[in-house]
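Asker: Based on what follows, work out the 3D shape:
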Amino acid sequence: MLAGHERPHNLVVQLREAFTALNDLVVPHLVEHGFTDFRPAHGAVFQYLDDTGTTVSTLATRAQMTKQAMAELVGHLERGGYVVRVPDPDDRRAKRVVPTERGRAVVEVAQQLAPEIEERVERLIGATRLSALRADLEAIRADFDTAESRHDEGPANSAT
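Answerer: Residues are numbered from 1 along each chain as shown. Sure thing, here's the model as predicted:
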(Lines give C-alpha, C1' and ligand atoms only; values in the text may rest on other atoms or scores of the structure.)
Protein backbone atom coordinates (compact mmCIF):
# COMPACT_ATOMS: atom_id res chain seq x y z
CA MET A 1 0.00 0.00 0.00
CA LEU A 2 1.34 3.41 -0.96
CA ALA A 3 1.65 6.11 1.63
CA GLY A 4 -0.40 9.23 1.01
CA HIS A 5 1.25 12.31 -0.35
CA GLU A 6 1.55 15.46 1.68
CA ARG A 7 -1.09 17.93 0.59
CA PRO A 8 0.22 20.96 -1.24
CA HIS A 9 0.46 24.13 0.81
CA ASN A 10 0.17 26.84 -1.78
CA LEU A 11 -1.84 30.05 -2.04
CA VAL A 12 -4.84 28.43 -3.71
CA VAL A 13 -5.04 25.74 -1.02
CA GLN A 14 -4.66 28.36 1.72
CA LEU A 15 -7.45 30.49 0.25
CA ARG A 16 -9.72 27.44 -0.02
CA GLU A 17 -8.95 26.31 3.52
CA ALA A 18 -9.55 29.79 4.94
CA PHE A 19 -12.89 29.93 3.12
CA THR A 20 -13.78 26.45 4.40
CA ALA A 21 -12.89 27.37 7.99
CA LEU A 22 -15.13 30.44 7.84
CA ASN A 23 -17.91 28.69 5.92
CA ASP A 24 -17.93 25.84 8.45
CA LEU A 25 -19.33 28.30 11.00
CA VAL A 26 -22.55 28.75 9.00
CA VAL A 27 -24.31 25.40 9.45
CA PRO A 28 -24.00 25.30 13.27
CA HIS A 29 -25.29 28.89 13.31
CA LEU A 30 -28.28 27.85 11.17
CA VAL A 31 -28.96 24.83 13.39
CA GLU A 32 -28.98 27.14 16.45
CA HIS A 33 -31.69 29.14 14.70
CA GLY A 34 -33.90 26.13 13.97
CA PHE A 35 -32.74 25.06 10.52
CA THR A 36 -31.75 21.59 11.71
CA ASP A 37 -32.01 19.93 8.29
CA PHE A 38 -29.63 22.32 6.53
CA ARG A 39 -26.35 20.72 5.37
CA PRO A 40 -23.06 22.25 4.20
CA ALA A 41 -23.66 21.04 0.63
CA HIS A 42 -26.84 23.13 0.48
CA GLY A 43 -24.67 26.22 0.50
CA ALA A 44 -23.77 25.44 -3.12
CA VAL A 45 -27.35 26.29 -4.04
CA PHE A 46 -27.80 29.42 -1.93
CA GLN A 47 -24.39 30.89 -2.78
CA TYR A 48 -25.33 31.05 -6.45
CA LEU A 49 -29.10 31.56 -6.33
CA ASP A 50 -30.41 34.85 -7.74
CA ASP A 51 -33.34 36.57 -6.03
CA THR A 52 -35.44 36.18 -9.18
CA GLY A 53 -34.58 32.51 -9.52
CA THR A 54 -31.91 30.52 -11.30
CA THR A 55 -32.04 27.39 -13.43
CA VAL A 56 -30.49 24.19 -12.11
CA SER A 57 -28.13 24.24 -15.07
CA THR A 58 -26.88 27.75 -14.23
CA LEU A 59 -26.54 26.85 -10.54
CA ALA A 60 -24.48 23.78 -11.50
CA THR A 61 -22.20 25.82 -13.74
CA ARG A 62 -21.67 28.48 -11.07
CA ALA A 63 -20.98 25.87 -8.38
CA GLN A 64 -18.71 23.89 -10.72
CA MET A 65 -20.65 20.68 -10.28
CA THR A 66 -22.73 18.40 -12.46
CA LYS A 67 -26.30 19.28 -13.29
CA GLN A 68 -27.40 15.96 -11.78
CA ALA A 69 -25.67 16.69 -8.44
CA MET A 70 -27.17 20.18 -8.33
CA ALA A 71 -30.63 18.81 -9.15
CA GLU A 72 -30.30 16.43 -6.21
CA LEU A 73 -29.40 19.29 -3.85
CA VAL A 74 -32.26 21.40 -5.17
CA GLY A 75 -34.65 18.45 -4.72
CA HIS A 76 -33.61 18.06 -1.09
CA LEU A 77 -34.05 21.79 -0.46
CA GLU A 78 -37.39 21.71 -2.23
CA ARG A 79 -38.60 18.87 0.02
CA GLY A 80 -37.41 20.91 3.02
CA GLY A 81 -39.41 23.93 1.93
CA TYR A 82 -36.40 26.15 1.17
CA VAL A 83 -36.91 26.53 -2.58
CA VAL A 84 -39.53 25.91 -5.26
CA ARG A 85 -39.22 25.42 -8.99
CA VAL A 86 -41.32 27.76 -11.10
CA PRO A 87 -41.68 28.16 -14.88
CA ASP A 88 -38.97 30.33 -16.41
CA PRO A 89 -40.70 33.30 -18.08
CA ASP A 90 -37.88 33.52 -20.64
CA ASP A 91 -37.86 29.81 -21.60
CA ARG A 92 -41.04 27.72 -21.41
CA ARG A 93 -39.01 24.50 -21.28
CA ALA A 94 -36.98 25.58 -18.24
CA LYS A 95 -37.75 26.02 -14.57
CA ARG A 96 -36.18 28.49 -12.19
CA VAL A 97 -35.25 27.64 -8.63
CA VAL A 98 -36.63 30.37 -6.36
CA PRO A 99 -36.15 30.72 -2.61
CA THR A 100 -39.28 30.40 -0.48
CA GLU A 101 -39.90 32.46 2.64
CA ARG A 102 -38.03 29.75 4.57
CA GLY A 103 -35.17 29.93 2.07
CA ARG A 104 -34.94 33.71 2.39
CA ALA A 105 -34.91 33.27 6.18
CA VAL A 106 -31.92 30.91 5.90
CA VAL A 107 -30.03 33.50 3.85
CA GLU A 108 -30.88 36.22 6.37
CA VAL A 109 -29.73 34.13 9.34
CA ALA A 110 -26.52 33.12 7.54
CA GLN A 111 -25.79 36.74 6.65
CA GLN A 112 -26.22 37.75 10.30
CA LEU A 113 -23.04 35.78 10.96
CA ALA A 114 -20.92 37.91 8.58
CA PRO A 115 -20.36 40.88 10.92
CA GLU A 116 -19.30 38.54 13.73
CA ILE A 117 -16.81 36.80 11.44
CA GLU A 118 -15.46 40.14 10.21
CA GLU A 119 -15.05 41.41 13.78
CA ARG A 120 -13.19 38.23 14.72
CA VAL A 121 -10.86 38.55 11.73
CA GLU A 122 -10.27 42.22 12.55
CA ARG A 123 -9.37 41.30 16.16
CA LEU A 124 -7.02 38.65 14.80
CA ILE A 125 -5.13 40.69 12.20
CA GLY A 126 -6.10 44.31 12.92
CA ALA A 127 -8.12 46.86 10.97
CA THR A 128 -5.27 47.99 8.72
CA ARG A 129 -4.37 44.47 7.63
CA LEU A 130 -8.05 43.57 7.17
CA SER A 131 -8.47 46.56 4.88
CA ALA A 132 -5.34 45.55 2.97
CA LEU A 133 -6.57 41.95 2.76
CA ARG A 134 -9.86 43.09 1.27
CA ALA A 135 -8.03 45.22 -1.29
CA ASP A 136 -5.65 42.37 -2.13
CA LEU A 137 -8.46 39.85 -2.55
CA GLU A 138 -10.35 42.28 -4.80
CA ALA A 139 -7.22 42.89 -6.90
CA ILE A 140 -6.70 39.13 -7.29
CA ARG A 141 -10.36 38.60 -8.23
CA ALA A 142 -10.37 41.46 -10.73
CA ASP A 143 -7.13 40.39 -12.39
CA PHE A 144 -8.09 36.74 -12.69
CA ASP A 145 -11.60 37.59 -13.88
CA THR A 146 -9.97 39.73 -16.58
CA ALA A 147 -7.45 36.99 -17.38
CA GLU A 148 -10.27 34.44 -17.65
CA SER A 149 -12.16 36.79 -19.99
CA ARG A 150 -9.08 37.10 -22.19
CA HIS A 151 -8.71 33.30 -22.15
CA ASP A 152 -12.36 32.84 -23.18
CA GLU A 153 -11.91 35.19 -26.14
CA GLY A 154 -9.31 32.91 -27.68
CA PRO A 155 -5.89 33.66 -29.12
CA ALA A 156 -7.11 35.94 -31.91
CA ASN A 157 -8.40 38.55 -29.47
CA SER A 158 -5.84 38.13 -26.71
CA ALA A 159 -3.64 40.98 -27.95
CA THR A 160 -6.36 43.58 -27.45
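
Asker: from here on, contacts and neighbour counts on C-alpha atoms
Answerer: Will do.

Asker: Going along the chain, name the strands of this structure.
Answerer: 83-88, 91-99 (DSSP state E).

Asker: so can I have TSV of those strands showing mean neighbour count, mean pLDDT and distance to I140?
Answerer: Formatted as TSV, those follow (neighbours: other CA atoms under 10 Å; pLDDT from 0 to 100; distance: least, CA to CA, whole Å):
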stretch	mean neighbour count	mean pLDDT	distance to I140
strand 83-88	18	95	33
strand 91-99	18	93	31
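
Asker: what's the closest of these to T61?
Answerer: Nearest of the strands of the chain to T61, taken as CA to CA: strand 91-99 at 14.1 Å.

Asker: What is that closest one packed up against?
Answerer: helix 56-63, strand 83-88 (3 or more CA pairs under 8 Å, 6 or more residues apart in numbering; DSSP states H and E).

Asker: Now distance to L15 too, for the strands of the chain, in JSON lines please.
Answerer: Shown next, in JSON lines, are the strands of the chain (distance: least, CA to CA, whole Å):
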{"stretch": "strand 83-88", "distance to L15": "30"}
{"stretch": "strand 91-99", "distance to L15": "29"}
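
Asker: Among the ones you listed, which comes closest to V56?
Answerer: Nearest to V56, of all those, is strand 91-99, at 6.8 Å by CA to CA.

Asker: Show residues contacting the closest one.
Answerer: Strand 91-99 is contacted from outside by 49-56, 74, 82-88, using CA atoms under 8 Å, 6 or more residues apart in numbering.
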